[in-house]
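J.: Coordinates for the following, if possible.
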Amino acid sequence: AADTRFLNRYADTSTVIFGPGSTAVMHANDEYVSINDYLTAIKVVALSICDWCGVDRA
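T.: This is a model prediction of the structure:
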């Protein structure tokens with residue numbers, strides 16, 4: 001479970017949950033993430049940081 005519900009309820013703060021993998025196996029005994037999903041998530045986070053910091057990716 002994510003703690004974002006507390007930020008929403010008690011701090012009136014909008015939140016986003018993001019991560020690689022399938023919700024079908026999330027928190028299961030045999031939970032796994034494919035390497036492709038993992039690498040895609042890394043790229044998304046890295047590019048988001050670049051955008052946030054104003055880094056020119058050209």
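
J.: Low-confidence stretches in the protein?
T.: 1, 58 (pLDDT under 70).

J.: residues near residue 7, how many?
T.: Residue 7: 13 surrounding residues under other C-beta atoms under 10 Å. Every C-beta, even on glycine, is put in place using the N, C-alpha and C of the backbone.

J.: Oh, that last question was meant for residue 38, not what I typed.
T.: Residues near residue 38, counting by other C-beta under 10 Å, number 13.

J.: Was I right to think it contacts residue 20?
T.: Yes: between residue 38 and residue 20 a contact is recorded at 5.0 Å, counting by C-beta atoms under 8 Å.

J.: Where is the longest helix in the protein?
T.: If you go by DSSP state H, the chain has its longest helix at helix 35-53.

J.: tell me the centre residue of the chain?
T.: For the chain, residue 18 is the residue whose C-alpha lies nearest the centre (C-alpha atoms, centre = their mean; 2.3 Å).

J.: Give me the contacts around the helix or strand residue 9 falls within.
T.: Taking DSSP states H and E as the definition, residue 9 sits inside helix 4-10. Here helix 4-10 makes contact (C-beta atoms under 8 Å, 6 or more residues apart in numbering) with 13, 14, 15, 16, 17.

J.: Not counting sequence-adjacent ones, nearest residue to the second one?
T.: Right, the one you point to is residue 14. residue 8 (7.4 Å; C-beta to C-beta, 6 or more residues apart in numbering).

J.: and if you look at the last one?
T.: Excluding its sequence neighbours, the residue lying closest to residue 17 (C-beta to C-beta, 6+ apart) is residue 2, at 5.3 Å.

J.: How about the secondary structure of that neighbour?
T.: Using DSSP: H, G, I helix; E, B strand; the rest coil, the structure places residue 2 in coil.

J.: do you know how far it is from residue 48?
T.: 18 Å (C-beta to C-beta, to the nearest Å).

J.: Neighbours of residue 10, how many?
T.: 8.

J.: With residue 46 instead?
T.: For residue 46, the tally of surrounding residues (other C-beta under 10 Å) stands at 12.

J.: what's it in contact with, if anything?
T.: By C-beta under 8 Å, 6+ apart, residue 46 has no neighbours at all.
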